[in-house]
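K.L.:
Just to be clear, the model below is a prediction. Sequence and coordinates:
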Amino acid sequence: MLDQIKGLHHVTAMAKDAAENNAFWTRTLGLRRVKQTVNFDEPSVYHLYYGDEVGTPGSVMTYFPFPHIVRGRPGTGEVGTTVFSVPEGALDFWAPKLAADGVANLERDESFGQKRLRFSGPDGDGLALVEDRNDVRQPWAHGGVPTDNAIRGFHSASLRLRDAGATEELLKFMGYEVAETRDGVVRLVRPEGNGADYIDIETLPGVPRGDLGAGSVHHIAFAIENRATQLEVRKALLDTGYQLTPVIDRDYFFSVYFRTPGGVLFEIATNEPGFNRDEDTAHLGEALKLPRQHEHLRSRLEASLEPLEGKSN
Ligand code: ZN
C-alpha cells in the first residue's frame, strides 16, 4: 500500500461561460481566483483555477469553459458531487445567501452525520457544502464571505460507479481506508491527509455512463508532495497494471493521469511548484498567464477570450 498520496489536489470540470463561472466561484462561493491561464491542448479556451489564498492543494477547483459545449448528462463512471468543507453552523449563512444569489436545487440534508447543503453550479454542476467542525484549514479571507463561514477547501468527492469493487481496491492501494458505509455509500478516508481526505463511492449498477459536457467533472487529482514521490507512485501503479501517462509539466504542478476501472479519470499532481511560481501571492489570478509554448498567441488570445469580469453576476 502506498503512503505518499495525501488527499485531493484539485478537481477539474467543464463549463460553458467563463464570466459566469468566474462570478459563481469568486462572488457566490467566495473563493479566490488563483490563476487564469489557458488549456494546454486548446489554448483558445481558458483554464481557470479557484481556491484559497495561494491555491493550496486540496482547495483548488478548476474549469475549462468551452463556449459552445452542451450540458453534460449525469451518469456513472464520473464524479457525482464535489463537496466543500465549511465550519459548524455555517449552513445557516450559506442557505439564504445561495438562495438570494439564485443558485438552483438547494437542498439541506445530512451525510454521514454531518449537515450538508446540496446545490447546482451554473451548468448543473453537482456541488455541496458540508459542516465539518474538525477542519482547521484557513479560508481565503477576502472573498466577501465572513471568514467564520467561508469555504476551507474540499471535503470530499463522490464517485458514481456501476461497480465499485475495483475502484475501491485501487483507492485502498493509494492509501485510503474504508471509514463507513451508510445508505449504500462507501466512505473512504485518507488518514493524515491534507484535509481534503474523503472519497465517497456510490454504486449504481443500472445507470448508464454519463456524457461529458458542461457541469461535468473531467478528472480529479490527488496530491503528492514532490516529483520524487510522484515517480515512486507512478512506478507502483504501473507495476500493478495501470496505464499511466508520462509525467507532464502543468506549469503549477507536475501530473500523471490514468483511467480507473470504474471509468473516472484520476490524476496525481505534485504540491510543487505552486501557483505563485509566476506571479506574487498578492496578485494571483489577476493577469492572463500563458504556457511558454503559447506565449506567441498572446495578442490573439487577449482579443478572443471573453473578459472574465464582463458580467455583474
Ligand atoms: Zn488536473
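P.N.:
Received the coordinates, thanks. Here the structure is a predicted model, which means the values were calculated and not measured.
K.L.:
where does L231 fall, helix, sheet strand or coil?
P.N.:
Under DSSP: H, G, I helix; E, B strand; the rest coil, the three-state class of L231 is helix.
K.L.:
Disregarding residues adjacent in the polypeptide, which is nearest to it?
P.N.:
Leaving aside its chain neighbours, L231 sits nearest to V247 (7.3 Å; criterion: Cβ to Cβ, 6 or more residues apart in numbering). C-beta coordinates here come from the backbone N, C-alpha and C atoms, glycine included.
K.L.:
Show me where the stretch 151-300 of the chain has its helices.
P.N.:
Along the stretch 151-300 of the chain, the stretches classed as helices by DSSP state H, counting those that start in this stretch are 165-173, 227-239, 298-304.
K.L.:
Please tell me the pLDDT value assigned to the residue nearest to L231.
P.N.:
We have a pLDDT of 98 for V247.
K.L.:
Give me the phi and psi for it.
P.N.:
For V247, the backbone dihedrals are phi -70, psi 130 (criterion: degrees, to the nearest 10).
K.L.:
now the helices of the stretch 151-300 of the chain as JSON lines including distance to H155, mean neighbour count and mean pLDDT?
P.N.:
Shown next, in JSON lines, are those (distance: least, Cβ to Cβ, whole Å; neighbours: other Cβ atoms under 10 Å; pLDDT from 0 to 100):
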{"stretch": "helix 165-173", "distance to H155": "16", "mean neighbour count": "17", "mean pLDDT": "97"}
{"stretch": "helix 227-239", "distance to H155": "23", "mean neighbour count": "15", "mean pLDDT": "98"}
{"stretch": "helix 298-304", "distance to H155": "35", "mean neighbour count": "11", "mean pLDDT": "97"}
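K.L.:
can you put these in a markdown table and add distance to A287?
P.N.:
Output for those, formatted as a markdown table (distance: least, Cβ to Cβ, whole Å):
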| stretch | distance to A287 |
| --- | --- |
| helix 165-173 | 38 |
| helix 227-239 | 27 |
| helix 298-304 | 10 |
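K.L.:
State which one residue of the stretch 101-250 of the chain is found closest to the ion.
P.N.:
Proximity of the stretch 101-250 of the chain to the ion (Cβ to the ion) peaks at A221, 4.4 Å away.
K.L.:
State the distance from that residue to F93.
P.N.:
Applying Cβ to Cβ, to the nearest Å, the value for A221 to F93 is 29 Å.
K.L.:
Same drill for these two, tell me which one is more crowded.
P.N.:
Using other Cβ atoms under 10 Å as the criterion, A221 and F93 rank with A221 on top: 24 against 17.
K.L.:
The more buried one against H9, yeah?
P.N.:
Yes - using Cβ atoms under 8 Å, A221 is in contact with H9, at 4.2 Å.
K.L.:
Tell me the residues that contact both of these two, please.
P.N.:
Common neighbours of A221 and H9 (criterion: Cβ atoms under 8 Å, 6 or more residues apart in numbering): E267, I268, A269.
K.L.:
Tell me the spacing between T147 and Q138.
P.N.:
According to Cβ to Cβ, T147 stands 8 Å off from Q138.
K.L.:
what's the neighbour count on N134?
P.N.:
So N134, with other Cβ under 10 Å, has 7 neighbours.
K.L.:
Make 58 the first number, not 1, from now on.
P.N.:
Sure thing, new numbering starts at 58, so read that last one as N191.
K.L.:
Of the helices of the stretch 208-357 of the chain, which is nearest F81?
P.N.:
Nearest to F81 among these is helix 355-361; the distance by Cβ to Cβ comes to 22.2 Å.
K.L.:
mind checking how far that closest one is from the chain centre?
P.N.:
27 Å (Cα atoms, centre = their mean, to the nearest Å).
K.L.:
C-alpha coordinates for that helix, PDB please?
P.N.:
This file holds the C-alpha atoms of helix 355-361, laid out as PDB (Å, rounded to 0.1, in the frame of the first residue of the first chain):
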ATOM      1  CA  ARG A 355      -0.900  36.300 -26.600                       C
ATOM      2  CA  SER A 356      -2.300  39.200 -28.600                       C
ATOM      3  CA  ARG A 357      -4.700  36.900 -30.400                       C
ATOM      4  CA  LEU A 358      -5.900  35.200 -27.200                       C
ATOM      5  CA  GLU A 359      -6.300  38.500 -25.300                       C
ATOM      6  CA  ALA A 360      -8.600  39.700 -28.200                       C
ATOM      7  CA  SER A 361     -10.600  36.500 -28.400                       C
END
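K.L.:
any residues touching that helix, and which ones?
P.N.:
So helix 355-361 is contacted by V95, P100, S101, L345, L347, H351 (Cβ under 8 Å, 6+ apart).
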